[in-house]
Structure formats: C-alpha cells, structure tokens
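Asks: Take this sequence and fold it.
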Amino acid sequence: MHDTAHEHGRLFFELYWQPEFAVVAELGSYDVNGSLRDHAPRGIRYVGFDMEAGPGVDVVVAPGKPLPLPDGSVDVAVTSSAFEHDIAFWDTFLELIRILRPGGLLYVNAPSNHTVHRYPLDCWRFYPDASQALCEWAARRGIDVTLAESFIGKQGGEGWCDFVAVFRKSAPTPLRRRGRIADHVAAVNILDGSEGAPPRREAERAETDEMLEIAALRAALAERDAALAAGTARLAEQQAENAALTARLTAREQDVAAFTARLAARDGDLAALAARLATLEQALAAREGECAGLAARLAEREGEAAGLRAALAAREETVGRLQAEIAASATALEVAEGHLRNVLGSRSWRITAPLRAVITRMRH
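Replies: Okay, the predicted model is just below:
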C-alpha cells in the first residue's frame, strides 16, 4: 500500500467510524507494505478478502465470485488499490453494497494516475465523476446509494493521486461523521453529498497533477530555453568580443615580437657599445697612464726648466756682470789704447823700439 492510500484510510476510520459499528469487511486485504486493518478499532470483527492467501487475508475469494457474507451483515466495507485490477469493478461495487446494512459505509480508494502495475491485470484509472457514475449504476440496479464525499488527492511522494470516495447505503437516519477526509488533505475536484441533495462540487480542476507538473516543466523549460537563447546570444557576443580581443592580442603579440626584436637589436647595439666602451676605457686607462707618465716627466722637465731658468738667471747675471766688466774693460782699453797711442806716438817709444825687439827675440 502506498503512502497516500495508507493516510487516506487512516482518516476514513478516524472521521467516519461510529461506536455502534462492529463488523468490517475489506476487499483486497493482502498486506503489502501496510493495510487498512492497521487503522481499524481494536476488538471489532474484521474480515479480509483477497484472491490469494497471504498476510491480512482471512478468506480467499475468486475474482467475480460473491463474497461469502449475508446481505446487510457488515457495518463498514473498505477497499483500497483493488478496483483498478478488477475487470468489472462496477459489479464488485454492487457486491460490497449488498453486504452493507442500511446506513453502512463503503470506503473506496483507487488510483487516478501513475504507472501500470498488474495484479494480475491493471485495467482502470478513476476520474472525479466516477463516484457519481457508481451511484447511478447502483440506482439502475434498484439499489439506493448516496455519496458522502469523493475527491482526487494530491500526488504523494510515491507519485500516486488517489481517487477517494465514501458511499452510504441509504437509511432513514442521517449521515454522521467528524469531518471530511478532503478537509484534512490536499484535494481537488471534491464532491460533497452529505446534505442529501445532489453532490456539491468544490475545488474544480480540469488538469491532473501530471498535467500541471508538465505545464510547470514546460514553462520552466521555456524559461530555460529563453535563458539558453539569451545565454547563446550573450555567448555569441562574448565570442565576438573574444575574437576581437584575440585579434588585439595577436596584434599586441606581434607588436611585442617586433619590440622584442628591436630590443634584441638594441641589446646587440648596447653590447657592441659596451665592448667599445670597455675598449675605450682600456685606452683611457692607458692614456691616463701615459698622462701620468707625461705629468711626471713634465714635472721633471719643469724642475729641470726651473733649474735651467735659475742657471740662466745666474748666467744672465754673470753675463751682465761680465758685460759690465767688459764695458769697463773696453773703457779701460780705450783709455789704455789712448795712452798707448800716445806712447807709441811718443819719441821715447820710437827710441826704445830696437830694445823691445831684442827682448822679444830673447823670449822666443
């Protein structure tokens, strides 16, 4: 039994069970992951029917065969997840009504959606008006059955949307209950027949949960498609921008390559200049060495020149003195020559001439 079927069955017993009820018959009572018997009050008589023996099955009944119970012997009949497998569920519906006493209740839960599940067949799904159809079918067969409520439950965690209906075999007393199952769960397409008048429709909805889910998915898909289209457009723009940036990057890379080549050439030039500078520095060092030598030689020459200038000055002084002496000597000579001329011209000089000649020969 799936999750929502178990919960709807619990609510049925909680809201519709009356103190005078004593006998419950369940069709399709084989316990698979839970059973309606789980929610029945303790101490009552509970008879479970199914077509195979197993957990929760008290009596095995072949499909289509009458239930081995007298007319009007049961207070409550329940069936859950069984009608979809019944090839003639409308006849089974009448059989369950047969065993109810007047005022007795029939609870039916059957799927209105979801996957095929064969036990051994899977024949039917139940829409909102199925409850009215069953009441009219019973009326055609001369059986007075009223609808207490029916609805389609919201899809549960296991994916099932339950068709839930509560029928009452006609009786002079009014229906008693502590509320509607539909008021305790998420329900749509509700039919309420508790007032004895034709069932009143509430929460009408044409779409099934799957249709709404599909519509929501389609809307979400449309939004995704629009977002994808916008994203594709943005991607195209981005790709165009990327292409432009790539072109600019390529141009920049070419510029960088050219600049790198120029830089390499400049580096080569700088290396050559550095080599020339090193050569010049070496030549400069040599020249500086030569200049130092020349400076030393110049200092030496300047020393020599100073000495020569001093010697020259001394010589010039000596020359000046000598010139003065020469001038004095010349003056004296002139005086002497004057005296000599005077002497030579004198008579005594002429008289003594032979004597001087003799003296001169004697000296040589």
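
Asks: Just the terminal-to-terminal distance for stretch 142-162.
Replies: From its first residue to its last, stretch 142-162 covers 29 Å (C-alpha to C-alpha, to the nearest Å).

Asks: can I assume G157 is in contact with A5?
Replies: No. G157 is beyond contact range of A5, at 12.0 Å (criterion: C-beta atoms under 8 Å). Quick note: C-beta positions are derived from backbone N, CA and C, even for glycine.

Asks: If you count surrounding residues, which of those two has more?
Replies: For G157 and A5, the more surrounded residue by other C-beta atoms under 10 Å is A5, and the numbers stand at 23 against 8.

Asks: Quick check, pLDDT for that one.
Replies: As predicted, A5 sits at a pLDDT of 95.

Asks: what do you get for L263?
Replies: 62.

Asks: hey, which helix is longest across this protein?
Replies: helix 209-344 (DSSP state H).

Asks: After that helix, heading C-terminal, what element do we hit next?
Replies: Counting by DSSP states H and E, the next helix or strand C-terminal to helix 209-344 is helix 347-351.

Asks: in that next one, what counts as buried?
Replies: Buried positions in helix 347-351, judged by neighbour count with 16 or more other C-beta atoms under 10 Å: none.

Asks: Against which helices or strands is the helix or strand of the chain with the lowest mean pLDDT packed?
Replies: Ranking every helix and strand in the chain by mean pLDDT, DSSP states H and E puts helix 347-351 at the bottom, with a mean of 76. Helices and strands touching helix 347-351, as assessed by 3 or more C-beta pairs under 8 Å, 6 or more residues apart in numbering; DSSP states H and E, are absent.

Asks: now stretch 67-75: mean pLDDT?
Replies: 98.

Asks: buried ones in stretch 40-57?
Replies: 40, 46-51, 56-57.

Asks: Go through these and name the one nearest P102.
Replies: V47 (19.5 Å; C-beta to C-beta).

Asks: did I read that right, that closest one in a strand?
Replies: Yes. Checked against DSSP: H, G, I helix; E, B strand; the rest coil, V47 lies within a strand.

Asks: Would you agree it is in contact with V57?
Replies: No. Counting by C-beta under 8 Å, V47 sits too far from V57 to count as a contact (9.9 Å).

Asks: Look up how far D225 lies from the spatially most central residue of the chain.
Replies: Geometric centre of the chain, nearest residue: G231, 15.4 Å, by C-alpha atoms, centre = their mean. Distance, G231 to D225, using C-beta to C-beta, to the nearest Å: 10 Å.

Asks: Likewise for L121?
Replies: In terms of C-beta to C-beta, L121 sits 41 Å off from D225.

Asks: How far off centre is the host helix or strand of T360?
Replies: Mapping T360 onto the secondary structure by DSSP H and E places it in helix 353-363. Distance, stretch centre to chain centre, for helix 353-363: 149 Å (C-alpha atoms, centre = their mean, to the nearest Å).

Asks: Show me what the mean pLDDT comes to for that helix.
Replies: 82.

Asks: Hey, what's the angle from that helix to helix 209-344? Just curious.
Replies: Calculated by axes from the mean of the first three to the mean of the last three C-alpha atoms, to 10 degrees, helix 353-363 forms an angle of 120 degrees with helix 209-344.

Asks: With only the CA atoms kept, save helix 353-363 in CSV.
Replies: Included here for helix 353-363 are C-alpha records, laid out as CSV according to Å, rounded to 0.1, in the frame of the first residue of the first chain:
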residue,chain,number,x,y,z
ALA,A,353,161.9,100.1,-30.3
PRO,A,354,165.1,98.3,-31.0
LEU,A,355,165.4,97.3,-27.5
ARG,A,356,162.0,95.8,-27.4
ALA,A,357,162.7,93.8,-30.5
VAL,A,358,165.8,92.3,-28.9
ILE,A,359,163.8,91.5,-25.8
THR,A,360,161.1,89.8,-27.8
ARG,A,361,163.5,87.6,-29.7
MET,A,362,165.1,86.6,-26.5
ARG,A,363,161.8,85.5,-25.1
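
Asks: change the start of the numbering to 280 and stick with it
Replies: Yep, numbering from 280; the last one is helix 632-642 now.

Asks: pull the longest strand from this protein.
Replies: strand 379-390 (DSSP state E).

Asks: Point out the other helices and strands that that strand packs with.
Replies: Counting by 3+ C-beta pairs under 8 Å, 6+ apart, strand 379-390 packs on helix 282-295, strand 353-359, helix 368-378, helix 409-419, strand 441-448.
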